[in-house]
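> Sequence and computational prediction follow.
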Amino acid sequence: MMDAVSLTIALAPLALYLLLLGALNLGRRPRVVSGGVDATWLAAGLAGLLIVGPMNLFLPADAADRFGPFVWLLAVAFYALCTVFYVLVARPRLVVFNMPLESLRVALAEVSMKLDEGAKIVGDAVQLPSLEVQLHLDGVTAMRSATLMATGERQSHAGWRRLHHALKTALRNFEVTPNPRGFSFVAVGLALLGWPLLQLARLPTDTIAQRLSDLLRL
């Protein structure tokens, strides 16, 4: 069983990620973010679990002895570079939070026709020939979130940026009622953050410092 220090490091970033999702779902307006931003948020939320788990487990002892605490800076930097690499090679996508799927379909159709008179819309598939953008709308009705995922290899990043800006502008004044499921994210996030911190508060400062030193092999 993990001690309070390990639990805090592992769960605090995940808790903050869940609180962010809760805040987005409880807002009055939809939020459109790029796939890169969404992936970065998720990577940050999982960072604590990776530090306590795989990074700590497979950290070379020789590297820890040679570089001391800087070895963790190298490990975190490597994780950040892997995240950046994924963002660069992944297919373009947009993520829309806190908007009913049917309303998003209507807004997406209007934006598509404004951006490209030759836009083709078939069900949840959209093609914008002049922008070199092809996408499929994949949504979760209960969560009021959706992903505009690129389909096909021929995609223009400039075209996706134009679509992102146009959709963000179109939804700027669109108001929605808060999504009740956002309270679930907030509740779980507070539980994951509060419980380890409560356990941590019961430990003497010297004990916390020693366990942190042992965990990070300082």
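Everything's here; your move.
> Strands of this protein, start to end?
When assigned using DSSP state E, the strands of the chain occupy the ranges 31-34, 93-97, 120-122, 125-128, 133-140, 145-150.
> can you redo those as TSV with mean pLDDT?
Formatted as TSV, the strands of the chain follow (pLDDT from 0 to 100):
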stretch	mean pLDDT
strand 31-34	95
strand 93-97	95
strand 120-122	92
strand 125-128	94
strand 133-140	91
strand 145-150	94
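> JSON lines please, covering those and showing distance to Phe58 and mean neighbour count.
In short, each C-beta sits where N, CA and C put it, glycine included. Formatted as JSON lines, the strands of the chain follow (distance: least, CB to CB, whole Å; neighbours: other CB atoms under 10 Å):
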{"stretch": "strand 31-34", "distance to Phe58": "31", "mean neighbour count": "18"}
{"stretch": "strand 93-97", "distance to Phe58": "31", "mean neighbour count": "22"}
{"stretch": "strand 120-122", "distance to Phe58": "47", "mean neighbour count": "11"}
{"stretch": "strand 125-128", "distance to Phe58": "42", "mean neighbour count": "19"}
{"stretch": "strand 133-140", "distance to Phe58": "34", "mean neighbour count": "18"}
{"stretch": "strand 145-150", "distance to Phe58": "32", "mean neighbour count": "21"}
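> Stretch 164-180 - what's its average pLDDT?
Stretch 164-180 carries an average pLDDT of 92.
> Show me which positions of that stretch end up buried.
Residues His164, Ala166, Leu167, Lys168, Ala170, Leu171, Val176, Asn179 are the ones in stretch 164-180 that count as buried (16 or more other CB atoms under 10 Å).
> Among these, which one lies nearest to Gly53?
Of all those, the one with the least separation from Gly53 (CB to CB) is Asn179, at 31.3 Å.
> Could you point out which of the strands of the chain sits nearest Leu216?
Among the strands of the chain, the nearest to Leu216 by CB to CB is strand 31-34 (32.5 Å).
> So of the buried residues of stretch 164-180, which two are at opposite extremes in space?
Farthest pair in the buried residues of stretch 164-180 (CB to CB) is Ala166 and Asn179. Separation: 24.1 Å.
> about what we covered before: any chance of the strands of the chain in a markdown table with distance to Ala12 as columns?
Shown next, in a markdown table, are the strands of the chain (distance: least, CB to CB, whole Å):
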| stretch | distance to Ala12 |
| --- | --- |
| strand 31-34 | 22 |
| strand 93-97 | 22 |
| strand 120-122 | 43 |
| strand 125-128 | 39 |
| strand 133-140 | 26 |
| strand 145-150 | 24 |
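> So for Ala77, which of the ones you listed sits nearest?
With CB to CB as the measure, strand 31-34 is the member of the strands of the chain nearest Ala77 (22.7 Å).
> Any idea how many residues pack against Tyr204?
No Tyr there; residue 204 is Pro. Residues within reach of Pro204, counting by other CB atoms under 10 Å, total 8.
> same deal with Val89?
7.
> Over to Ile9?
When counting by other CB under 10 Å, one arrives at 20 neighbours for Ile9.
> Please name the residues that touch the nearest residue to it once chain neighbours are set aside.
Using CB to CB, 6 or more residues apart in numbering and skipping residues adjacent in sequence, the residue nearest Ile9 is Gly48, 5.1 Å away. Neighbour list for Gly48: Ile9, Ala10, Leu11, Ala12, Pro13, Leu14 [criterion: CB atoms under 8 Å, 6 or more residues apart in numbering].
> before we move on, back to that, the strands of the chain: which one's closest to Val111?
When these are compared by CB to CB, strand 125-128 sits nearest Val111, at 9.5 Å.
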